[in-house]
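[1] Coordinates only, no sequence provided:
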């Protein structure tokens with residue numbers, strides 16, 4: 001999944017969030033429709049110039065699970081005293097915070113990728129959830 005595909009996917013789910021009910025628990029039909037949507041070229045790209053990666057409903061469902069997991073992980077980082085969050089720089093851990101971060105990320109391995117790298121989709125996911 002490219003970052004652009006992920007953005008398009010999240011945008012699609014945002015537009016169809018009513019299908020997810022409370023807690024955005026989307027059904028397989030919503031993921032199948034999202035997969036079909038991802039086959040369409042983005043705005044400004046001619047269909048004949050666009051090469052889509054074929055996704056299926058299961059792939060979209062798995063992506064949704066991973067996006068929610070990343071969102072939850074970032075919420076955990078933001079709630080920890082002493083850590084900040086930046087969508088571009090992640091937790092932005094410097095030398096002074098390295099020991100604390102190492103202990104924290106060893107206890108919660110999902111945190112490790114966000115050491116000094118953000119996730120540009122956080123705000124959109126936060127709005128959706």
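    Arrived safely. The shown structure was predicted, so the numbers you read here are calculated from the model rather than taken from an experiment.
[2] After the worst-scoring helix or strand of the chain on mean pLDDT, which helix or strand is next? Please name it.
    Sorting the helices and strands of the chain by mean pLDDT, DSSP states H and E puts helix 98-107 at the bottom, at a mean of 89. The C-terminal neighbour of helix 98-107 among helices and strands, as given by DSSP states H and E, is helix 122-128.
[3] Go ahead and name everything in contact with that next one.
    Helix 122-128 has contacts (Cβ atoms under 8 Å, 6 or more residues apart in numbering) with 7, 10-11, 13-14, 17, 24, 67-68, 70-71, 74, 85, 87. For every residue, glycine as well, the C-beta is placed using N, CA and C.
[4] Closest one of those residues to residue 52?
    Among these, residue 7 lies closest to residue 52 (Cβ to Cβ), at 14.7 Å.
[5] Is the closest one in a helix, a strand, or coil?
    In three-state terms, and counting by DSSP: H, G, I helix; E, B strand; the rest coil, residue 7 is helix.
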